[in-house]
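1. Kindly return the folded structure for what I paste below:
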Amino acid sequence: MNRYQFRLSISAPRLLEYYRGNASVVSVVSTQGQRIQFPASRLRQHARRDGVHGRFELQVSDQGRFLALERVGD
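-> Numbers count the residues shown, from 1 in each chain. You can find the predicted model right below:
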C-alpha cells in the first residue's frame, strides 16, 4: 500500500464544478513532490459549506487502486 499526503483548498464554487461533471479528476502534488490524481467524487464526504480544505492522506493499493482518502489535519 502507498500513502500520499497533501494539502487541499477548494472553494465551494469550484467544488460545484466537480459536482456538475465539468471536472472529474483532482490533481495535486504530495508533500513528497509527487503529482497524484484521484476521482473528484472521493471529495464528497469531506465537503463543507466553504468547500474542501485541509491536509489529507490518500491511500492506494500497490496496483494504484483507490483505497481511502482521509482528512488528517486542517
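2. buried ones in the helix or strand of the chain with the lowest mean pLDDT?
-> Ranked by mean pLDDT, DSSP states H and E, the weakest helix or strand in the chain is helix 12-19, scoring a mean of 87. Neighbour counts over helix 12-19 (16 or more other C-beta atoms under 10 Å) mark Leu15, Tyr18 as buried. (Glycine included, C-beta is placed from N, CA and C.)
3. Quick one: classify Ser41 as helix, strand or coil.
-> Using DSSP: H, G, I helix; E, B strand; the rest coil, the secondary structure recorded for Ser41 is helix.
4. Check the gap between it and Asp50 for me.
-> Plainly put, Ser41 is 19 Å away from Asp50 if you go by C-beta to C-beta, to the nearest Å.
5. cool, Asn22 as well?
-> Using C-beta to C-beta, Asn22 is found at 20 Å from Asp50.
6. and if you look at Arg35?
-> Distance of Arg35 to Asp50, given as C-beta to C-beta: 26 Å.
7. ditto for Arg71
-> For Arg71 relative to Asp50 (C-beta to C-beta), the value is 14 Å.
8. again, but for Gln37
-> 24 Å.
9. now do Val25
-> In terms of C-beta to C-beta, Val25 sits 22 Å off from Asp50.
10. For stretch 22-42, list every residue counted as buried.
-> Of the residues in stretch 22-42, Val26, Val28, Ser30, Ile36, Phe38, Ala40 count as buried by neighbour count, 16+ other C-beta under 10 Å.
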